[in-house]
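In: task: produce atomic coordinates for the following.
(chains A, B, C and D)
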There are 2 protein chains.
Amino acid sequence: MALEHAILVSLLEQPGSGYELARRFERSIGYFWTATHQQIYRVLKRMESDGLLDVRDVPQERRPDKKEYSVAAPGRAALSGWLHEPIEPESLRHDLAVKIRGAAFDDPAALLHEVERHHRVHSDRLAHYLAGELRDFTGPGAPAPLDAGQELQHVVLRGGIAYERMTVVWLDDVLATLRRLGATGPHI
Amino acid sequence: MALEHAILVSLLEQPGSGYELARRFERSIGYFWTATHQQIYRVLKRMESDGLLDVRDVPQERRPDKKEYSVAAPGRAALSGWLHEPIEPESLRHDLAVKIRGAAFDDPAALLHEVERHHRVHSDRLAHYLAGELRDFTGPGAPAPLDAGQELQHVVLRGGIAYERMTVVWLDDVLATLRRLGATGPHI
DNA sequence: GCTTGCTATGCAACCAGTTGCATAGAACGA
DNA sequence: TCGTTCTATGCAACTGGTTGCATAGCAAGC
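Out: Reported below is the predicted structural model:
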C-alpha cells in the first residue's frame, strides 16, 4: 500500500492537514501518485490509530479549524522498513493504448479528437512541470546548492518531465498513424 | 473497467481461452494492461453471462480441454460505444518515485541496488519489445504492407518502446544522483 | 516412483480505490 | 439576497484487483 508511504514522505517533507495533503497530491506528489481526499482522510485516520502519525488540532481564523498531522517515530520506522524492501517494477495501465488497438475494429479516424485531447493534457502537464523546475530548482530564485532532499525531488521531477515529453512525442506518432489510416482507406 | 475492453480487443484480434488470454496479458497486451488469470476468468464468466461473449468447448488431446471465447455482437457494440466515449488521461502510480523521494529521510545509497534492479528489468523489457518489433513489423519476415490492425499494434508497441527507453535513461539519471549524494556526504 | 512443470479452470477472502453524498463556516460577486 | 467557491472533514456503498488456495491431467526428467 504505497499511499501510506507517499503520505509519510509528504508529511516528513512538511507536516499538514488532510486537506493540504489532498492539494499536494494534485500537484507535486501527484506527479507520481494520485489520491482523492476521501482516500486520504481514511488512511490518515487509520495511520493515526496505528500510531504512525501524531495529530494536533490547529484553530484557524477566517476558516475552519484543521488537524495537522506529523510523522511519529513508528511512522518513520515503517517508512524506513519499506525503503529497504524490494518492490515490483510497475507495469503500465494505459486505457488509451487499449483504445488505439481497438480502433482497428471501429473507425480509426473517430479517435482523432480523443488523442488530440490527451495530447493537450500532456502538453499542459509538461509546461507545468517545466515551470515548476525553473521555479524550484534551475531558475535564479532557486536555492543553490540543493540539499539531498531537493536533489531527490528534482530527479523525480525530471522523471515526470521525461515521461510527459515522451508521451507528447508518442501521441504525435499516434496522430500521424491515425491520419494516415484515415486517408488511405476504410477500416476492417 | 478497461479490463473488459482489453479482453474484447484481444478476442477480436484472436479468439482464445482464459489461459491463452492470461499469457497474452503477460506479453503483448501486457505492454499496457496487466491482469492475473483469476481476474480474467472471473471477468470472462461475467461477460459471457452478460451476452458479450460466446463460448465453445474445445476438447484437446494431450492436455486438458479448454473453453474458447469469442466476441458476440453485443460485445462488439459495447467496445464501439466505449471507443466513442472520452476517457481521463491516466496518471502515474510510481512506487519507485515515492521511494526515491523518501530516501532523503533514510540512506540514499541504500536504494542503489533497488534502482539497479529496476534498471535491469526495464532494459530487458526494452530488448524484448525491440525483438518483437523486428519480428512482427520491421524485420524481413514481417508482412508488408501492414493492414490497419497491424499499424495500430505497431504504434502501440512503439509507445511501449519509447516508455522503456525513457525509463532506462531516467534510471541512469537516478543512479548518478544517488551516487553523487552518497559520495558527497551524509543524509538528513 | 517421485518431483517438477505446464496446461487449464476456479473459489473465497481481502484490500485499495472510486463514487456519491453530506455538513458547515466564511468570502465573494452578481 | 442568492448562488458559487474555497477551506475543511467525513460516511457509505460499491467495484476492481490482489492473494492464497485448490484441483486435475499429462509430460519430462531423475
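
In: please make it C-alpha for all contacts and neighbour counts, starting now.
Out: Fine.

In: break chain A down into its domains, please.
Out: A:2-83, A:95-184 (automatic domain parsing).

In: TSV for those, including mean pLDDT, mean neighbour count and distance to residue B:75?
Out: Shown next, in TSV, are the domains of chain A (pLDDT from 0 to 100; neighbours: other CA atoms under 10 Å in any protein chain shown; distance: least, CA to CA, whole Å):
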stretch	mean pLDDT	mean neighbour count	distance to residue B:75
domain A:2-83	92	17	32
domain A:95-184	94	18	12
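
In: closest one to DNA strand C among those?
Out: Counting by CA to the nearest atom of the strand, DNA strand C lies closest to domain A:2-83 out of those; the figure is 4.2 Å.

In: so that closest one, near chain B or not?
Out: Yes. On the criterion CA under 8 Å from any CA of the partner chain, domain A:2-83 is in touch with chain B at A:2, A:5-6, A:9, A:12, A:30-34, A:79-80, A:83.

In: now, which of those residues lie close to DNA strand D?
Out: Subset of these in contact with DNA strand D: empty, counting by CA under 7 Å from any atom of the strand.

In: now the domains of chain A in a markdown table, with distance to residue B:102?
Out: Shown next, in a markdown table, are the domains of chain A (distance: least, CA to CA, whole Å):
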| stretch | distance to residue B:102 |
| --- | --- |
| domain A:2-83 | 5 |
| domain A:95-184 | 8 |
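
In: of all those domains, which one is nearest residue B:99?
Out: Between residue B:99 and those, the tightest spacing by CA to CA is seen for domain A:2-83, at 6.1 Å.

In: which residues of chain A lie near DNA strand D?
Out: A:17-20, A:37-38, A:41-42, A:45, A:60, A:63-68.

In: measure residue A:106 to residue A:166 for me?
Out: To residue A:166, residue A:106 is 27 Å away according to CA to CA, to the nearest Å.

In: ditto for residue A:9
Out: With CA to CA as the criterion, residue A:9 and residue A:166 are 27 Å apart.

In: so which bits of chain A are right by DNA strand C?
Out: Residues of chain A lying close to DNA strand C (CA under 7 Å from any atom of the strand) are A:1, A:2, A:3, A:34, A:35, A:36, A:38, A:39, A:62, A:63, A:64.

In: how about the helices of chain A, start to end?
Out: Using DSSP state H, the helices of chain A run over A:2-13, A:18-26, A:37-49, A:73-83, A:95-102, A:112-133, A:148-184.

In: give me the contact list for stretch A:8-20.
Out: A:21, A:29, A:37, A:40-41, A:44, A:66-71, A:75-76, A:79, B:98, B:101-102, B:105 (CA atoms under 8 Å, 6 or more residues apart in numbering or on different chains).

In: next: stretch A:135-142.
Out: By CA under 8 Å, 6+ apart, the list of residues contacting stretch A:135-142 reads A:133, A:134, A:143, A:146, A:150, A:154.

In: now do the same end-to-end measure for it.
Out: 6 Å.

In: can you give me how far it is from the chain middle?
Out: On the basis of CA atoms, centre = their mean, to the nearest Å, stretch A:135-142 sits 21 Å off its chain's mean C-alpha point.

In: and the residues of chain A next to DNA strand D, which is closest to chain B?
Out: residue A:37 (16.2 Å; CA to the nearest CA).

In: give the contact list for the residue nearest to the closest one when sequence neighbours are not counted.
Out: Among residues not flanking residue A:37 along the chain, residue A:22 sits closest, at 5.3 Å (CA to CA, 6 or more residues apart in numbering or on different chains). Shown in contact with residue A:22 (CA under 8 Å, 6+ apart): A:35, A:36, A:37, A:40.

In: and for residue A:34?
Out: A:25, A:26, B:91, B:92, B:93 are the contacts of residue A:34 under CA under 8 Å, 6+ apart.

In: export those to TSV and tack on distance to residue A:114?
Out: Conversion of those to TSV gives the following (distance: CA to CA, whole Å):
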residue	distance to residue A:114
A:25	25
A:26	23
B:91	16
B:92	19
B:93	22
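
In: now for these: which two are most distant?
Out: Across the contacts of residue A:34 (CA to CA), the longest gap, 12.9 Å, separates A:26 and B:93.

In: mind putting the contacts of stretch A:135-142 into a markdown table with distance to residue B:176?
Out: Formatted as a markdown table, these follow (distance: CA to CA, whole Å):
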| residue | distance to residue B:176 |
| --- | --- |
| A:133 | 19 |
| A:134 | 21 |
| A:143 | 21 |
| A:146 | 15 |
| A:150 | 15 |
| A:154 | 13 |
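
In: which of those residues sits closest to residue A:115?
Out: Nearest to residue A:115 among the contacts of stretch A:135-142, with distances taken as CA to CA, is residue A:133, at 26.7 Å.

In: right, and the closest one touches residue A:157 too?
Out: Yes. Because the distance of 7.4 Å satisfies CA atoms under 8 Å, residue A:133 is recorded as touching residue A:157.

In: so what's the closest residue in space to residue A:116 that isn't next to it in sequence up against?
Out: Excluding its sequence neighbours, the residue lying closest to residue A:116 (CA to CA, 6+ apart) is residue A:175, at 7.6 Å. When contacts are counted by CA under 8 Å, 6+ apart, residue A:175 touches A:112, A:115, A:116.

In: grab the nearest non-local neighbour of residue A:36.
Out: Per CA to CA, 6+ apart, closest to residue A:36 is residue A:22, 6.5 Å.

In: tell me how far residue A:181 lies from residue A:108.
Out: Distance from residue A:181 to residue A:108, by CA to CA: 7 Å.

In: with residue A:32 instead?
Out: According to CA to CA, residue A:32 and residue A:108 sit 31 Å apart.
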